[in-house]
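1. Compute the structure for the input listed below.
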Amino acid sequence: DSPEIKEEVLRKDDTFLTLLKDVYVESRDPPMRVKNGGGEHLPSKQEEKRLTKLGHLEALDVKKVPKGKISLVEALTLLNNHKLQPQIWTAEKIAAEYSLELKEVNSLLEFFIPFTVHQFPKETKKAITSHEPKKLT
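-> Predicted coordinates:
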C-alpha cells in the first residue's frame, strides 16, 4: 500500500534490461518417431453392453455390463441357481442367458461354490451344565 514500494516495483532498471536483451532462447521439439503398428492400442469400435438380469436385487448392482462379462450380483445369482437347480440351470443355459462363453461358465461352476449357512434347531443344542467352581486352598 505504500507509494515507495509501488514506485520501486514499477521502476525499470536499465542494467537488467540490457542483460535481458542479450539472452536468447531457442526451443525445438524432438523429432517424432512413429512405431510400427502404432494403431494397435486405438479402440476399434464401441463395446457392446447388455442390461443386467437382477430381478429384486437390481438396486444393489450396476445396470449395464459389457457382453461377455457379468456383475458380482449376477455371478452370485447364477451360482446359487445352478446349485439349487443344476438340471435347469446348466452351463449351456447360463452361457446363453448371460452372453458368456461356455468354457468360462464351466470354469466358473467348477471353481466357485456359494456358501451354505446351516442353522441347528434349538432342540439339538446341548446345554453346558455348570459345575461349582473349585476353591483354591
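2. correct me, but residue 83 touches residue 113?
-> Yes: here residue 83 reaches residue 113: they are 7.1 Å apart, a contact under CB atoms under 8 Å. (C-beta placed from N, C-alpha, C; glycine too.)
3. which residues of the protein fall in helices?
-> With helices called from DSSP state H, the chain shows them at 3-10, 14-22, 72-84, 91-98, 102-111.
4. joint contacts of residue 83 and residue 113?
-> Common contacts of residue 83 and residue 113, defined by CB atoms under 8 Å, 6 or more residues apart in numbering, are absent altogether.
5. coming back round to it: as JSON lines, the helices of the chain with mean pLDDT would be great.
-> Listed next are these as JSON lines, based on pLDDT from 0 to 100:
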{"stretch": "helix 3-10", "mean pLDDT": "85"}
{"stretch": "helix 14-22", "mean pLDDT": "86"}
{"stretch": "helix 72-84", "mean pLDDT": "88"}
{"stretch": "helix 91-98", "mean pLDDT": "91"}
{"stretch": "helix 102-111", "mean pLDDT": "93"}
